[in-house]
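**Q** Here is a sequence with its predicted model. Questions after.
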Amino acid sequence: MSNPTPQPDNNYDPAGNTQMFRAFVDEQPPPAQVQRAETRSRAGVVIGVIVALVVVVGVVALAMR
């Protein structure tokens, strides 16, 4: 029996054989995608630090009342 739904050429199963799996694992994301991920993580760190500072300042202000 054959597969009833045809697979597009770029939709392969990397678990089909070892060589395809290794190629799938070794694929590098495009540089633009890596740069966006780095920018997002930096922005997340900056926002986290700002939120932490606001919380600390708020706790100190409440403690001084």
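**A** Now that the structure is in, tell me what you want to look at. Numbering: from 1, shown residues only.

**Q** Downstream of the worst-scoring helix or strand of the chain on mean pLDDT, the next helix or strand is which one?
**A** Every helix and strand of the chain was ranked by mean pLDDT, DSSP states H and E. The lowest is helix 18-26, at a mean of 76. Past helix 18-26, further along toward the C-terminus, the next helix or strand under DSSP states H and E is helix 31-63.

**Q** residues of that following helix that come out buried?
**A** Along helix 31-63, not one residue counts as buried under the neighbour rule (16 or more other Cβ atoms under 10 Å). In short, each C-beta sits where N, CA and C put it, glycine included.

**Q** Which elements pack onto it?
**A** Other helices and strands packing on helix 31-63, by 3 or more Cβ pairs under 8 Å, 6 or more residues apart in numbering; DSSP states H and E, are absent; none qualifies.

**Q** and that helix, average pLDDT?
**A** The average pLDDT within helix 31-63 is 86.

**Q** Any idea how many residues pack against M20?
**A** 13 (other Cβ atoms under 10 Å).

**Q** Against E27, how distant is it?
**A** Taking Cβ to Cβ, to the nearest Å as the measure, M20 falls 11 Å from E27.

**Q** One more: E38?
**A** Between E38 and E27 the distance is 18 Å, computed by Cβ to Cβ.

**Q** Next, work out how far apart A61 and A43 are.
**A** Noted for A61: a distance of 27 Å to A43, by Cβ to Cβ.

**Q** Then L53?
**A** When distances are taken as Cβ to Cβ, L53 and A43 turn out to be 16 Å apart.

**Q** same question, Q28
**A** 23 Å.

**Q** distance of T18 from V25?
**A** As judged by Cβ to Cβ, T18 and V25 stand 10 Å apart.

**Q** got the CA positions of stretch 22-41 in PDB?
**A** Written as PDB, here are the backbone C-alpha positions of stretch 22-41 (Å, rounded to 0.1, in the frame of the first residue of the first chain):
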ATOM      1  CA  ARG A  22      21.600  14.200  11.100                       C
ATOM      2  CA  ALA A  23      21.000  16.800   8.400                       C
ATOM      3  CA  PHE A  24      17.800  17.900  10.100                       C
ATOM      4  CA  VAL A  25      19.600  18.300  13.500                       C
ATOM      5  CA  ASP A  26      22.600  20.100  12.000                       C
ATOM      6  CA  GLU A  27      20.400  22.700  10.100                       C
ATOM      7  CA  GLN A  28      21.300  26.200  11.200                       C
ATOM      8  CA  PRO A  29      18.500  28.800  11.500                       C
ATOM      9  CA  PRO A  30      18.800  31.800   9.100                       C
ATOM     10  CA  PRO A  31      20.900  34.700  10.600                       C
ATOM     11  CA  ALA A  32      17.900  37.000  10.700                       C
ATOM     12  CA  GLN A  33      16.000  34.600  12.800                       C
ATOM     13  CA  VAL A  34      19.000  34.200  15.200                       C
ATOM     14  CA  GLN A  35      19.300  38.000  15.500                       C
ATOM     15  CA  ARG A  36      15.600  38.400  16.200                       C
ATOM     16  CA  ALA A  37      15.800  35.800  19.000                       C
ATOM     17  CA  GLU A  38      18.800  37.500  20.500                       C
ATOM     18  CA  THR A  39      17.000  40.900  20.400                       C
ATOM     19  CA  ARG A  40      13.900  39.400  22.100                       C
ATOM     20  CA  SER A  41      16.000  37.900  24.900                       C
END
